[in-house]
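In: Sequence first, then the predicted structure, then my questions.
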Amino acid sequence: MNADLFAETSPAERLGPGTMLLHRFAESKAAALLNAIDQITAQAPFRHLVTPGGQRMSVAMSNCGALGWVSDRAGYRYQAIDPQSGLPWPPMPACFALLAHSAAEQAGFAGFAPDACLINRYTPGTRLSLHQDRDEHDYSAPIVSVSLGLPAVFLFGGLVRSDPVKHLTLQHGDVLVWGGPDRLRFHGVKPIGEGLHSLLGMQRINLTFRRAA
Ligand code: MD3
Ligand code: FE
């Protein structure tokens, strides 16, 4: 067998001491996930948040679960109420929680019970600049990310902003789990390229499951 070819198509790829890429792990669940995303975003529509510095984010966001991540002039935080509707975020669908739990388990993090799911929507040209996810209460829980639709080049940095950054392509159905010593790594997404995906058209949607409280 060709070892390089095997490495490329292996279902689970270790990217760091606490980071696993589960290739196509969510692919067979994509239709159910997209159906749930449509229902969630009918109640809590995608919107472009503003950073504390006043910049409109190019990624459009929504949330489901007990807590949702928001950003405005006052800062970044998790809150139970969608500021746009004044209502609680839509509940996290069972298929979301099950997928996140089983991916985390596969990556060595048993018992992951997310209370927040941030839903990011990208169109060609949309990017996410290098950042850390540090608004959660307890860094001992991992984060699980599910990529759907157009591919993205993911930037995988180190624990300091100036550390070298690796480039990694995330495809439809790929699931990335990171925690432990990798939990506070800097990361981002390069501008999405033009393309048409068979299920999502000109979009990429990323779900990030978190234990926020
Ligand atoms: C962190 N989302 O919502 S997935 C975010 O594709 C976010 O929408 C991106 O960063 C997205 O906060 C990236 C997340 C990801 C993947 C691997 C990581 C974050 C990571 C590895 C280490 C640290
Ligand atoms: Fe992030």
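Out: Looks like it came in fine. Note that the coordinates shown come from a computational prediction; the quantities given were computed from them, not determined experimentally. Numbering: from 1, shown residues only. Ligands and ions are numbered 1, 2, ... in the order given.

In: can you give me the helices in the protein?
Out: Taking DSSP state H as the criterion, the chain contains helices spanning 3-9, 30-43, 94-106.

In: ok, the longest one near ligand 1 or not?
Out: No - counting by C-beta under 6 Å from any ligand atom, ligand 1 is not contacted by helix 30-43; separation bottoms out at 13.5 Å. Bear in mind the C-beta positions are built from the backbone N, C-alpha and C, glycine included.

In: what comes into contact with that helix?
Out: Here helix 30-43 makes contact (C-beta atoms under 8 Å, 6 or more residues apart in numbering) with 26, 62, 64, 85, 87, 90, 93, 95-96, 99, 119, 146, 148, 172-173, 199-200, 205, 207.

In: ditto for stretch 165-175
Out: 15, 21-28, 30, 99, 103, 130, 144-158, 176, 186, 190, 197, 199-200.

In: which of the helices of the chain sits most buried?
Out: Among those, judged by mean count of other C-beta atoms under 10 Å, the one packed with the most neighbours on average is helix 94-106 (a mean of 18).

In: How confident was the prediction at Pro11?
Out: With respect to pLDDT, Pro11 has a value of 87.

In: re the thing from before, now the buried members of the contacts of stretch 165-175.
Out: Buried members of the contacts of stretch 165-175, scored by 16 or more other C-beta atoms under 10 Å, are 15, 21-23, 25-26, 30, 99, 103, 144-152, 154-158, 176, 186, 200.

In: Let's test this: mean pLDDT of stretch 72-91, rounded?
Out: Here stretch 72-91 scores 97 as its mean pLDDT.

In: brain fart, stretch 202-213
Out: For stretch 202-213, the mean confidence score works out to 98.
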